[in-house]
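Undergrad: Dropping the sequence and predicted coords here.
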Amino acid sequence: MTEKLEEIRKRAEIAIREAKTLQDLDDVEICYLGRKGELTGMLRQLSSLPDEEKKSLGSKANDIKGELERMLLAVRRQLLENRLTEIGRTERVDVTEPGRRPPEGHLHLVTQAIREVTEIFSRIGFVRTRYPEVDWDWYAFESLNMPKDHPARDEWETFFMDAPESKKGKMVLTPHTSNAQVRELERGQFPVRMINIAKCYRRQIDVTHVPMFHQFEGLYVDTHVSITHLRGVLDYFAKEFFGPDRAIRLRPFHFRFTEPSFEIDVSCAVCKGTGEGPDRQKCRVCKRGWLELGGAGMVHPNVLKAGNVDPKKYSGFAFGWGVERTALMKSGTKLDDIRVLYKNDLRFLKQF
Ligand code: DAH
């Protein structure tokens, strides 16, 4: 048995020395020291020998095992080092090569517009607010001078929540950002200079409407606020947002929550408000010199009262416009289907 052990040791030592690759070395290790390896097999056989022999042969076999393991470790290190040197010699990294840019996204057209609107109004002291987008009928309609069953409500194709009613009526998905008006007045801090930008929901979907869209709502309430303030602020906005050569005009209109009420138009960028194209034809873009932006007006006394504000002491103006519409008007993009804004098609979105 001793001879057999010696013979195994010799063969194993030669095999280890001759190994050329790490793989060769692994194979040798498995062959002699693996679970079914030769030396392992011998060690297993020892258990059936008488005690005396078991002791001396056992210690010899274990010595051989230890030696082989040390050899394997040394040779493995050497082979690994050779391999690394080889890689260093044959493979090159050009550290001066310019990197490859990972694809970089950008903010959605609507988010860009929301940020810009916020920034423009913040410069004249308006603070962006957040109010619920699921709100009571009271804030969405009734406090805005639209009693229950008033036909003016038909303008807003409202989603009603299937939820219990409260003293403030049913719950609705806010069909406009005007719900913020009375909520803001209730805070009782003057002057009020609010810019509320939020999602709105209406039961409508076609090429010019989506059921979820955005509006920005301004509210300014203080003592002695007049229409000239309204004009000044909206003119400032139009010039900042659309460009210094643009102007606004007020066109009489009707809303329940403002008196007087207006529609606001901005002068067309192409014909500069003249309505005429080259050759004295109608301007291709606007046809009449002006583009419609959205509604505005002087806050109705009933709305002030609903917010616990004394209309004899305070007055104010409000306006509410669609973000999507205003943003597209700025970029000059005419969409034949507004729904593409929310289809997440990168080919479209990348352009802005
Ligand atoms: N809330 C109105 C709408 O969604 C827009 C509006 C008009 C808001 C006049 C106002 C306003 O604050 O004064 O159509």
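TA: Looks like it arrived, so ask away.

Undergrad: how close does the spatially most central residue of the chain sit to S261?
TA: With distances taken as Cα atoms, centre = their mean, the residue of the chain nearest its centroid is L107 (7.5 Å). Distance from L107 to S261, counting by Cβ to Cβ, to the nearest Å: 34 Å. From N, CA and C alone the C-beta is placed, and that goes for glycine too.

Undergrad: State the distance from the residue nearest to the centre of the chain to the ligand.
TA: 25 Å (Cβ to the nearest ligand atom, to the nearest Å).

Undergrad: what about the closest residue to that residue other than its chain neighbours, which SS state?
TA: Leaving aside its chain neighbours, L107 sits nearest to R115 (7.4 Å; criterion: Cβ to Cβ, 6 or more residues apart in numbering). Assigned with DSSP: H, G, I helix; E, B strand; the rest coil, R115 falls in the helix class.

Undergrad: Verify the stated contact: R115 with L109.
TA: No. With contacts counted by Cβ atoms under 8 Å, R115 stays clear of L109, the gap being 11.1 Å.

Undergrad: of those two, who's got more company?
TA: Between R115 and L109, L109 has the larger neighbour count (other Cβ atoms under 10 Å), namely 20 against 13.

Undergrad: so the more buried one touches M329, yeah?
TA: No. With contact defined as Cβ under 8 Å, L109 does not reach M329; the gap is 12.0 Å.

Undergrad: Next, see if stretch 157-172 gets close to the ligand.
TA: No. Shown here: stretch 157-172 not in contact with the ligand (Cβ under 6 Å from any ligand atom), separated by at least 11.2 Å.

Undergrad: Show the average pLDDT along that stretch.
TA: Across stretch 157-172, the average pLDDT comes to 96.

Undergrad: If you count neighbours, what's buried in it?
TA: Buried residues in stretch 157-172, defined by neighbour count with 16 or more other Cβ atoms under 10 Å: T158, F159, G169, K170, M171, V172.

Undergrad: Next: stretch 20-36.
TA: Quick answer for stretch 20-36 (16+ other Cβ under 10 Å): L25, V28, E29, Y32, L33.

Undergrad: Point me to the residue of the stretch 1-150 of the chain nearest the ligand.
TA: L144 (8.1 Å; Cβ to the nearest ligand atom).

Undergrad: List the contacts of that residue.
TA: Taking Cβ atoms under 8 Å, 6 or more residues apart in numbering, we find L144 in contact with S178, N179, Q181, V182, R256, F257, H300, V303, A306.

Undergrad: cool, and Y220?
TA: Counting by Cβ under 8 Å, 6+ apart, Y220 has contacts F126, P191, V192, R193, M194, H229, L230, V233, G316, F317, A318.

Undergrad: Now rank these by neighbours and give me the top one.
TA: So for the contacts of Y220 (other Cβ under 10 Å), the most neighbours sit at G316, 30 neighbours.

Undergrad: Which of the three states applies to the closest residue to that residue other than its chain neighbours?
TA: Of all residues not flanking G316 in the chain, V221 sits nearest, at 3.2 Å (Cβ to Cβ, 6+ apart). For V221, the secondary-structure state derived from three-state DSSP is strand.

Undergrad: again, but for M298
TA: strand.

Undergrad: roughly how far apart are it and W156?
TA: 21 Å.

Undergrad: Kindly report the same for R89.
TA: For R89 relative to W156 (Cβ to Cβ), the value is 76 Å.

Undergrad: ok, these two, which is more surrounded?
TA: W156 (20 against 8).

Undergrad: just to confirm, which helix or strand has the residue of the chain most remote from its centre in it?
TA: Here the chain reaches farthest from its C-alpha mean at E52, the gap being 78.5 Å by Cα atoms, centre = their mean. Secondary structure from DSSP states H and E places E52 in helix 51-90.

Undergrad: Could you list every helix and strand in contact with that helix?
TA: helix 2-18, helix 22-33, helix 38-46 (3 or more Cβ pairs under 8 Å, 6 or more residues apart in numbering; DSSP states H and E).

Undergrad: can you put those helices in a markdown table and add distance to K282?
TA: A markdown table is the format used below for the helices and strands packed on helix 51-90 (distance: least, Cβ to Cβ, whole Å):
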| stretch | distance to K282 |
| --- | --- |
| helix 2-18 | 94 |
| helix 22-33 | 82 |
| helix 38-46 | 97 |
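
Undergrad: Turn those into TSV, including distance to the ligand and mean pLDDT.
TA: Shown next, in TSV, are those (distance: least, Cβ to the nearest ligand atom, whole Å; pLDDT from 0 to 100):
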stretch	distance to the ligand	mean pLDDT
helix 2-18	85	91
helix 22-33	73	93
helix 38-46	84	88
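
Undergrad: With R251 as the reference, name the closest of those.
TA: R251 sits nearest to helix 22-33 of all these, at 83.9 Å, using Cβ to Cβ.

Undergrad: That closest one vs helix 51-90, what angle?
TA: 180 degrees (axes from the mean of the first three to the mean of the last three Cα atoms, to 10 degrees).

Undergrad: All set, thanks.
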